[in-house]
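K.L.:
coordinates only, no sequence provided:
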């Protein structure tokens, strides 16, 4: 079973040296922990916003030349609410605004490896333990840890969650969960499915097998989604396309 998760890390600071330092510290952290990450650096907020990348973690300066970092964070969270934002700045006056955004941490400059390591460790715990709330067909409200979700399937408007511990049916549309389950380890092979790539046992052009109990489940990959899914899957396991 593939167990590697590739974290997408964004870094935005209008001073090149700070971007470079954070990138170096982040990549060193993932290297010594034998895990993979993709880092993207931006020197202004507009380039960050136009990148259309769903970041797992974003290191964000507040005093940017073109736009205030708080405004950038608000726009990021509007479209990718699960992105964990870590504020990096010299300006403590923005602390209250950052807290209103539920920023995970507030790191003062100058930046050190220890500070970045501490922030990443806390962020990864948050990602792994993050949960979603669903309304079941039996009128219960349940929380499901995202990392426990193996895949989601919709049949006749019923979204079914196959998790490590149980199967949960709910009446909410799968489109809602596509917006919520947007971490780098989730993918959409077909409009009727969302899969956790950590549980993929085998992959072919038009289908994949999911690790679920004694008998693996087979999921078809829609023809028009095959190129996108291949790119996503190869990136996830750290292979070139």
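P.N.:
The structure has been received and is ready for your questions. Quantities reported herein were computed from a predicted structural model and do not represent experimental measurements.
K.L.:
grab the nearest non-local neighbour of residue 112.
P.N.:
residue 25 (7.8 Å; C-beta to C-beta, 6 or more residues apart in numbering). Bear in mind the C-beta positions are built from the backbone N, C-alpha and C, glycine included.
K.L.:
does residue 26 touch residue 39 like I think?
P.N.:
Yes. Under the criterion of C-beta atoms under 8 Å, residue 26 is in contact with residue 39, at a separation of 5.8 Å.
K.L.:
have a look at those two and say which one is more surrounded.
P.N.:
With neighbours defined as other C-beta atoms under 10 Å, residue 26 and residue 39 compare such that residue 26 has more, 22 against 18.
K.L.:
host element of that one?
P.N.:
Assignment of secondary structure by DSSP states H and E places residue 26 within helix 16-32.
K.L.:
helices and strands around that helix, which ones?
P.N.:
Packed against helix 16-32 by the contact rule (3 or more C-beta pairs under 8 Å, 6 or more residues apart in numbering; DSSP states H and E) you find strand 6-12, strand 36-42, helix 113-129.
K.L.:
average model confidence for it?
P.N.:
Averaged across helix 16-32, pLDDT comes to 95.
K.L.:
also stretch 137-147?
P.N.:
For stretch 137-147, the mean per-residue pLDDT is 85.
K.L.:
what of stretch 90-97?
P.N.:
When pLDDT is averaged along stretch 90-97, the result is 59.
K.L.:
same check on stretch 153-171?
P.N.:
Stretch 153-171 shows a mean pLDDT of 91.
K.L.:
what does that stretch rub up against?
P.N.:
134-137, 142, 144, 148-152, 172-174, 177, 192-193, 210, 212, 217 (C-beta atoms under 8 Å, 6 or more residues apart in numbering).
K.L.:
now do it: distance to the chain's middle.
P.N.:
Per C-alpha atoms, centre = their mean, to the nearest Å, the displacement of stretch 153-171 from the mean C-alpha position of its chain is 21 Å.
K.L.:
pull out the buried residues from that stretch.
P.N.:
Across stretch 153-171, burial judged by 16 or more other C-beta atoms under 10 Å covers 153-154, 159, 161-163, 168, 170.
K.L.:
same check on stretch 70-80?
P.N.:
In terms of neighbour count (16+ other C-beta under 10 Å), stretch 70-80 has its buried residues at 70, 72-73, 76-77, 80.
K.L.:
show me the residue at the heart of this protein, geometrically.
P.N.:
Using C-alpha atoms, centre = their mean, the residue of the chain that lies closest to the mean C-alpha position is residue 183, 2.6 Å off.
K.L.:
tell me how far the residue sitting furthest away from the middle of the chain lies from residue 171.
P.N.:
Checked against the mean C-alpha position of the chain, the extreme residue using C-alpha atoms, centre = their mean is residue 138, at a distance of 29.8 Å. Distance of residue 138 to residue 171, computed by C-beta to C-beta, to the nearest Å: 10 Å.
K.L.:
now do residue 74
P.N.:
Computed with C-beta to C-beta, the distance linking residue 74 and residue 171 is 31 Å.
K.L.:
next one: residue 196
P.N.:
Here the criterion is C-beta to C-beta. By it, residue 196 lies 22 Å from residue 171.
K.L.:
swap in residue 59?
P.N.:
Residue 59 sits at a distance of 39 Å from residue 171 (criterion: C-beta to C-beta).
K.L.:
which ChimeraX command selects the buried ones in the contacts of stretch 153-171?
P.N.:
Here is the ChimeraX command that picks out the buried ones among those, judged by 16+ other C-beta under 10 Å:
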select :134,144,149,150,151,152,172,174,177,193,210,212,217
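K.L.:
residues of stretch 50-61 that come out buried?
P.N.:
For stretch 50-61, the neighbour count (16+ other C-beta under 10 Å) marks 54-61 as buried.
K.L.:
swap in stretch 201-210?
P.N.:
When neighbours are counted by 16+ other C-beta under 10 Å, the buried residues of stretch 201-210 are found to be 203, 208-210.
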